[in-house]
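**Q** Dropping a prediction and its sequence here:
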Amino acid sequence: MALQRMDNVGIVVESLDAAVAFFEELGLELEGRFTIEGDWSGRVTGLRDQRVEVAMMRMPDGHGRIELSRFLAPPLVADHRNAPVNALGYLRVMFAVDDLDDTLARLQAHGAELVDEVVQYEDVYRLCYIRGPEGILIGLAEQIG
């Protein structure tokens, strides 16, 4: 049996509204918003009695999603939002964009901060990392040439 696809990447946030607005500005579409709870969900994650508010964001091409989760119960146990990019287990999501400068300007209006600078990799890409809502690390890449 072969791997079929990557279905989604999960990110835990404190403010679901701010995260949804940020990813909508980036170009993802809100597919649905719902609460997950009950015995079955705790048996999947190992967190019994969990209650989680979820927003599923769909990529523009329909392939792949980002699952934004806000835990109502149990309480959060760790905070990795300000961890550097070389922290074990750290999550970075990279997006290909048509116009890096325009995307960066739109996302900065939603609180995104450039990690360091926009760089050019040979004659292939312009790249940067930004910190989105709650410090989520996002990579942006514009193909050139």
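**A** Now that the structure is in, tell me what you want to look at.
**Q** tell me which residues in the helix-or-strand element of the chain with minimal mean pLDDT are buried?
**A** Every helix and strand of the chain was ranked by mean pLDDT, DSSP states H and E. The lowest is helix 39-45, at a mean of 87. By 16 or more other C-beta atoms under 10 Å, the buried positions in helix 39-45 come out as Ser41, Gly42. Quick note: C-beta positions are derived from backbone N, CA and C, even for glycine.
**Q** Contacts for the next helix or strand after it, please.
**A** On the C-terminal side of helix 39-45, the nearest following helix or strand under DSSP states H and E is strand 51-58. Where contact means C-beta atoms under 8 Å, 6 or more residues apart in numbering, the residues beyond strand 51-58 that reach it are 8, 16, 19-20, 23-24, 28-37, 41, 64-73.
**Q** Also stretch 130-145?
**A** Contacts of stretch 130-145 (C-beta under 8 Å, 6+ apart): 11, 13-15, 18-19, 21-22, 26, 81-82, 85, 90-100, 103-104, 107, 110-115, 120, 123-129.
**Q** pLDDT (mean, whole number) over the helix ranked longest in the chain?
**A** Longest helix of the chain, by residue count under DSSP state H: helix 16-26. Per-residue pLDDT values over helix 16-26 give a mean of 96.
**Q** For that helix, name the packing helices and strands.
**A** Applying 3 or more C-beta pairs under 8 Å, 6 or more residues apart in numbering; DSSP states H and E, one finds that helix 16-26 contacts strand 29-37, strand 51-58, strand 65-73, helix 100-108.
**Q** Now render those as TSV, adding mean pLDDT and mean neighbour count.
**A** As requested, the helices and strands packed on helix 16-26 are exported to TSV (pLDDT from 0 to 100; neighbours: other C-beta atoms under 10 Å):
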stretch	mean pLDDT	mean neighbour count
strand 29-37	96	13
strand 51-58	97	18
strand 65-73	95	18
helix 100-108	96	15
